[in-house]
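Novice: compute the structure for the input listed below.
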Amino acid sequence: MSSTEKAAQIKLMESQLAQLSAAPHTPAQDAEILRLQARVRELQAEILGEANERHEMTPMDRVRLARHPDRPYSLDFIHLLFTDFHELHGDRRFADDPAIVCGFARFEGEPVFIVGQQKANYKQRKMEDRKYRNFGMPKPEGYRKAIRLMQMAAKFRRPVISFIDTPGAYPGIEAEERGQGEAIARNIIEMMRLPTPTIGVIIGEGGSGGALAIGACDRIDMLENTIYSVISPEGCASILWRDANKADLAAAAMKITPEPLKAAGIVDEIIPEPGEGAHTDHAAAAENLRPVLIRQLKELSALSPEKLIEQRYARYCRLGAFVIEN
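Specialist: Here you go, the predicted model:
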């Protein structure tokens, strides 16, 4: 079976998993869910193993790694890198959103504020845990919680560290009714004004406005096998070619992997991953990130609030600039 056929099987089984999870559970259905999840992991490992044997990781291979169900999520990095983490909840308007975790902690002994998108419970990767976290797709109350607490952190000059990992903001009707677009736009505006250092780390998928809403930062870093894009490769292929199976072509054309994004000045640093990817060793992935955070926090903390905002504004004004050669 070719890698393309295996990818099609994975897509089919993920659709079956979604249907089974939505229905009332019976012991037989629970067993089938576990069997399908195991088979999906097996096929993903085979695809990635074949790519490694060929010594060529295509952009679509990187997409699969970014979505790997065993990758470390925000809470994994929080527990591995930080101490004294105290999670805070609620947007003080509607509800708490489990897809976004926020709280104060200490990094290398210094107080910081952390916000991160979470796709499943800490150390729990079952389907019900993913559903509880809405598969890492935040709703408006999640973004409002995040900016409320980021502004609190800024009052006390606490650096903000964002862990970005979402396929995109939740597109459901109820989210739109509660102002999803406005919440994302408001977060971007307010993050540009925060008088405190901000660092964004893409640890999986950096999907569209859902990622930007906690990612308008002074520095943006990407783990080696992550993506950052305005739309998924499948979505792009559906629009351009009306065929989601051409996602591999879209992934290559979109330049969504770390290297072209760094070359374009969108990303500051690429963090190497251990072994065949961060999913193989969470602790090693976290340790690779640690010195980068230490250095960037030191650089940014030396700047005045006015200089931080000035440089942040200039950074985002440069994005999208192009030169016409005669």
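
Novice: got the CA coordinates for stretch 66-86 in PDB?
Specialist: C-alpha atoms of stretch 66-86 as PDB (Å, rounded to 0.1, in the frame of the first residue of the first chain):
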ATOM      1  CA  ALA A  66       2.400  18.300  13.400                       C
ATOM      2  CA  ARG A  67      -0.900  16.400  13.900                       C
ATOM      3  CA  HIS A  68       0.500  13.300  15.400                       C
ATOM      4  CA  PRO A  69      -1.800  12.300  18.300                       C
ATOM      5  CA  ASP A  70       1.200  11.600  20.600                       C
ATOM      6  CA  ARG A  71       2.900  15.000  20.200                       C
ATOM      7  CA  PRO A  72       3.500  17.000  23.400                       C
ATOM      8  CA  TYR A  73       0.700  19.500  24.000                       C
ATOM      9  CA  SER A  74       0.800  22.800  25.800                       C
ATOM     10  CA  LEU A  75       0.300  21.200  29.300                       C
ATOM     11  CA  ASP A  76       3.200  18.700  28.600                       C
ATOM     12  CA  PHE A  77       5.500  21.600  27.900                       C
ATOM     13  CA  ILE A  78       4.200  23.500  30.900                       C
ATOM     14  CA  HIS A  79       4.800  20.600  33.300                       C
ATOM     15  CA  LEU A  80       8.300  19.900  31.800                       C
ATOM     16  CA  LEU A  81       9.600  23.500  31.600                       C
ATOM     17  CA  PHE A  82       7.900  25.500  34.300                       C
ATOM     18  CA  THR A  83       7.300  25.300  38.100                       C
ATOM     19  CA  ASP A  84       4.500  26.600  40.300                       C
ATOM     20  CA  PHE A  85       1.900  26.600  37.500                       C
ATOM     21  CA  HIS A  86      -1.500  27.900  38.700                       C
END
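
Novice: tell me the secondary structure for Ile202?
Specialist: strand (DSSP: H, G, I helix; E, B strand; the rest coil).

Novice: show me the beta-bridge partners of it.
Specialist: Ile164, Met222 (DSSP bridges).

Novice: what about it, distance to Leu300?
Specialist: 18 Å (CB to CB, to the nearest Å). C-betas here are computed from N, CA, C, even on glycine.

Novice: between the two, which one's more packed in?
Specialist: Ranked by neighbour count (other CB atoms under 10 Å), Ile202 and Leu300 place Ile202 first, with 26 against 20.

Novice: that one and Thr166 touch, don't they?
Specialist: No. Contact criterion CB atoms under 8 Å: Ile202 and Thr166 do not qualify, at 9.9 Å.

Novice: what's near enough to touch the residue nearest in space to the middle of the chain?
Specialist: Centroid check for the chain by CA atoms, centre = their mean gives Asp165 as the closest residue, at 1.4 Å. Asp165 sits next to 73-74, 116-119, 136, 202-206 when contact means CB atoms under 8 Å, 6 or more residues apart in numbering.

Novice: what about the residues you listed, which one has the most neighbours?
Specialist: Gln117 (34 neighbours).

Novice: thinking Leu300 is in contact with Pro159, fair?
Specialist: Yes. Between Leu300 and Pro159 there is a contact under CB under 8 Å: 7.0 Å.

Novice: which residues are common contacts for those two?
Specialist: By CB under 8 Å, 6+ apart, the residues touching both Leu300 and Pro159 are 197-199.

Novice: can I assume Ala285 sits in a helix?
Specialist: Yes. According to three-state DSSP, Ala285 belongs to a helix.

Novice: okay, it and Leu80: tell me how far apart.
Specialist: Separation of Ala285 from Leu80 (CB to CB): 8 Å.

Novice: give me the common contacts of Ile202 and Thr166.
Specialist: Ala211.

Novice: give the rounded mean pLDDT of the strand or helix carrying Glu46.
Specialist: Using DSSP states H and E, Glu46 maps to helix 27-53. Per-residue pLDDT values across helix 27-53 average out to 72.

Novice: what's the first helix or strand after it?
Specialist: Using DSSP H and E, the next helix or strand after helix 27-53 towards the C-terminus is helix 59-66.

Novice: against which helices or strands is that following helix packed?
Specialist: helix 27-53, strand 227-229, helix 233-240, helix 247-254 (3 or more CB pairs under 8 Å, 6 or more residues apart in numbering; DSSP states H and E).

Novice: who are the packing partners of the very next helix or strand once past it?
Specialist: Going down the chain from helix 59-66, the next helix or strand is helix 74-81, by DSSP H and E. Helix 74-81 sits against strand 100-107, strand 110-117, strand 160-166, strand 198-207, helix 282-301, with contacts defined as 3+ CB pairs under 8 Å, 6+ apart.

Novice: just the residues contacting helix 74-81, thanks.
Specialist: 72, 85, 101, 103, 105, 107, 114, 116-118, 121-122, 163, 165, 201, 203, 282-283, 285-287, 289-290, 293.
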